[in-house]
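K.L.:
model the structure of this input:
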Amino acid sequence: QVQLVESGGGLVQVGGSLRLSCRASGTIFILNSMGWYRQAPGKQRELVASILSGGTTSYVDSVKGRFTISRDNAKTTVYLQMDSLKPEDTSVYYCNCVAAQSSGDYYRNYWGQGTQVTVSS
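P.N.:
Numbers count the residues shown, from 1 in each chain. Next up, the predicted model:
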């Protein structure tokens, strides 16, 4: 199994910053994409940002210019730097990775337990 452990959520005022971290552990042969999703009450889970093993990134339009995703492949860790936070960024943020556990294994999705981010006005 692959485990994802997140940290860094919390309460912040409008315009503030937070940094989320997520470390993947367990039996990992290939760690492909890593990313962050979020889900607010009554809304669908949406992809916020993702990063491939080679460093290619993508962002949802609403966070472009404010959020930065990065990863440390040696530490199998992905980060999400969130600046200029807005109330609409309030959500539970979930770490995600796509990984294979052996050379003949399929790629599978793995999820963290989620971390709450609350932006107060």
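K.L.:
what comes up buried for stretch 9-28?
P.N.:
Gly9, Val12, Leu18, Leu20, Ser21, Cys22, Arg23, Ala24, Ile28 (16 or more other CB atoms under 10 Å). The C-beta positions use only the backbone N, C-alpha and C, and glycine is treated the same way.
K.L.:
any idea how far Ser91 is from Leu31?
P.N.:
Between Ser91 and Leu31 the distance, using CB to CB, to the nearest Å, works out to 25 Å.
K.L.:
in three-state terms, label the residue nearest to the spatial centre of the chain for me.
P.N.:
Within the chain, the residue whose C-alpha comes closest to the C-alpha centroid is Trp36; the distance, by CA atoms, centre = their mean, is 2.4 Å. Put simply, Trp36 is strand when judged by DSSP: H, G, I helix; E, B strand; the rest coil.
K.L.:
who does it form a beta bridge with?
P.N.:
Per DSSP bridges, residues listed as beta-bridge partners of Trp36: Ala49, Cys95.
K.L.:
follow-up on the earlier one: any idea which of the buried residues of stretch 9-28 is closest to Val119?
P.N.:
Closest approach between these and Val119, by CB to CB: Val12, at 5.8 Å.
K.L.:
any idea which helix or strand carries that closest one?
P.N.:
strand 10-13 (DSSP states H and E).
K.L.:
quickly run through the sheet partners of that strand, with directions.
P.N.:
Checking strand 10-13 against DSSP bridges gives partners strand 115-120 (parallel).
K.L.:
any idea of the mean pLDDT for the strand it pairs with?
P.N.:
The average pLDDT for strand 115-120 rounds to 98.
K.L.:
phi and psi next, for Val78.
P.N.:
Its backbone dihedrals place Val78 at phi -120, psi 140, with angles given as degrees, to the nearest 10.
K.L.:
what's the nearest residue to Arg71 if we skip its chain neighbours?
P.N.:
Counting by CB to CB, 6 or more residues apart in numbering, Val78 is the residue found nearest to Arg71 once chain neighbours are left out, at 4.5 Å.
K.L.:
residues near the one you found, how many?
P.N.:
A total of 29 residues lie near Val78 under the criterion other CB atoms under 10 Å.
K.L.:
thinking again about what came up before, max pairwise distance over the buried residues of stretch 9-28: which two?
P.N.:
Using CB to CB, those reach their maximum pairwise distance at Val12 and Ile28, which is 31.7 Å.
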